[in-house]
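> Below is the structure, and that's it, no one-letter string:
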C-alpha cells in the first residue's frame, strides 16, 4: 500500500477553492479510501525552518508506519501562512471530510478553544504541537493533547550556555573589560508564550550565576531570519562593538544575526557571542563554522514520532497512555539538550 501525502499552501481565495475541491476528497473517504487512516495536519507557517523539519520528519515516519502495519495512511498537510482565519478554515474542512485525527500547530494560541470545541463536537481527537495552547483550553476535552518541549527549559539551557562561555573565556567575550555582559535580545512573536519564557529564563539563568548584565536593545523578529538580520544591522550601527552577546529565541533569528555580521566584514574573532535554540541543520553548520557559539537541541523527529504514536493510538481507539508518556493526561514533553562544537558530531548524525 502506498502513502498519500498532501502538502499545500493557500495564497488566494481562488487557489483555496480549487485546491480544496481537488485535494480534500483524499481526506473524505470515498470507496477507495474507506480502509485508510486520515490525519489532517495544519501548520502555522511551513517556511519556519523548525516546523518544516517537523513536517518532513512526520512524512517520513508515516511512510515507515504504513509499511509496518500494512494499512494505508493519508497524511494531509496544510500551510496556514500565519493566518488564523485560514487555519480555522482548514480545520473545518478536515472535520467535514472525515479526518480521524487533527494535528494543529496553532497560528494564534488564543484560538485553540474554538478548535477543541469543534473537534469534540465531531468526536475527532486533536493533537496540538510546538505552539502550546493555555492549559484551560487543553483541558476542555479528554481527547485534546499537546506535544512539545518546555520553553522554560530551553531558556534555562541557553542561559547556561552563555554563562559557561562567559565565565570560562571572560577576556574573549568581555570586549570592554568592565565585567558586565552587554547583550541584545532577538525575541519571537509579541506575546508568544515560548518567546516570553525563553527570554525570561535565559536572562534569569545568566544572572543566577552572579553575572551582571546590561541590555542594550531588545525587539521581536517573529522567529524570522531576515527580520533578525535587519534588527542586528540597526543595532550594530547604533552600538557597534559594545554588543558582546546576541541572545536569540530561535536559530533562524541567530542566523539572521550572523548574516548581518557577515555584511559588516568584521573578522570572526571580533564577533559577539551568538546563541540560538532549535539545533536546525543550518544552525549546526554555523556551530561547526564557529559563527554560532552553540544552540539548544529541540527534537523535531522525536516530537514528530510522539505525534504519530499518539495519533495511531487514537485512530485505533487505544489508550494513548500506552503509546506515549502522558503528563497530566494531556501532555507529551520531550527534553532539550545543549549543543556546542564539543558534542556537535552527535547531533549532525541525527540527534542526541
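On my side now, so go ahead. Computed from a predicted structure; not experimentally measured. Numbering: from 1, shown residues only.

> ok, which stretches of the stretch 251-352 of the chain are helices?
251-264, 281-288, 300-315, 344-348 (DSSP state H, counting those that start in this stretch).

> Nearest approach to residue 72 belongs to which of those helices?
helix 300-315 (12.0 Å; CB to CB). From N, CA and C alone the C-beta is placed, and that goes for glycine too.

> if we look at that closest one, which residues are touching it?
Applying CB atoms under 8 Å, 6 or more residues apart in numbering, the contact partners of helix 300-315 are 37, 39, 50, 53-54, 57-58, 61-62, 65, 69, 100-101, 103, 125, 127, 129-130, 143, 145, 147-149, 278, 319-320, 322-324, 332, 334, 350-351.

> Check the residues you listed for burial and list the buried ones.
By neighbour count, with 16 or more other CB atoms under 10 Å, the contacts of helix 300-315 hold 37, 39, 50, 53-54, 57-58, 61-62, 65, 100-101, 103, 125, 127, 129-130, 143, 145, 147-149, 278, 320, 323-324, 332, 334 as buried.

> which SS class is residue 234?
The three-state label given to residue 234 by DSSP: H, G, I helix; E, B strand; the rest coil is helix.

> thinking again about what came up before, now, which of the buried ones among the contacts of helix 300-315 lie within strands?
37, 39, 101, 103, 127, 129, 145, 147-148, 332 (DSSP state E).

> Report the two of these separated the most.
37 and 148 (23.0 Å).

> which residue packs closest to residue 171, ignoring adjacent ones?
residue 177 (8.0 Å; CB to CB, 6 or more residues apart in numbering).

> and if you look at residue 245?
Nearest one to residue 245, counting by CB to CB, 6+ apart, is residue 183 at 4.1 Å.

> Just list what the longest helix along the chain packs against, helices and strands only.
Criterion DSSP state H: the longest helix present in the chain is helix 49-69. With contacts defined as 3 or more CB pairs under 8 Å, 6 or more residues apart in numbering; DSSP states H and E, the packing partners of helix 49-69 are strand 4-9, strand 37-43, strand 73-79, helix 251-264, helix 281-288, helix 300-315.

> how many neighbours does the closest residue to residue 215 other than its chain neighbours have?
Nearest residue to residue 215, sequence neighbours excluded (CB to CB, 6+ apart): residue 183, at 6.1 Å. Residue 183: 22 surrounding residues under other CB atoms under 10 Å.

> how would you label residue 183: helix, strand or coil?
Relying on three-state DSSP, one would call residue 183 strand.

> any idea how far it lies from residue 341?
21 Å (CB to CB, to the nearest Å).

> Quick check: the gap between the residue nearest to residue 215 and residue 128.
32 Å.

> swap in residue 140?
12 Å.

> With neighbour numbers in mind, choose between these two.
Neighbours were tallied for residue 140 and for residue 128 using other CB under 10 Å; the higher tally belongs to residue 128 (26 against 16).

> Now do the more buried one, the pLDDT please.
Note for residue 128: predicted pLDDT of 98.

> residues in contact with the closest residue to it other than its chain neighbours?
Spatial nearest neighbour of residue 128, chain neighbours left out: residue 146 (4.7 Å); criterion: CB to CB, 6+ apart. Residue 146 makes contact with 127-129, 132-133, 138, 330-332 under the criterion CB under 8 Å, 6+ apart.

> For residue 146, list each beta-bridge partner.
residue 128, residue 331 (DSSP bridges).

> Okay, it and residue 133: tell me how far apart.
7 Å.

> Break the chain down into its structural domains.
Domain segmentation of the chain under automatic domain parsing yields 4-149+299-334, 151-297.

> If I average pLDDT within each of the ones you listed, which one is lowest?
Among the domains of the chain, domain 4-149+299-334 scores lowest, with a mean of 86.

> Residue 284 and residue 339 touch, don't they?
Yes - assessed by CB atoms under 8 Å, residue 284 is found in contact with residue 339 at 7.1 Å.

> which residues do these two both contact?
Counting by CB under 8 Å, 6+ apart, the residues touching both residue 284 and residue 339 are 295, 347.

> So these two - more neighbours on which side?
Set residue 284 next to residue 339 and count neighbours by other CB under 10 Å: residue 339 wins out with 28 against 20.

> That one: what's it in contact with?
279, 284, 287, 294-297, 347.

> for residue 330, same thing?
Neighbours of residue 330 in contact, by CB under 8 Å, 6+ apart: 138-139, 144-146.
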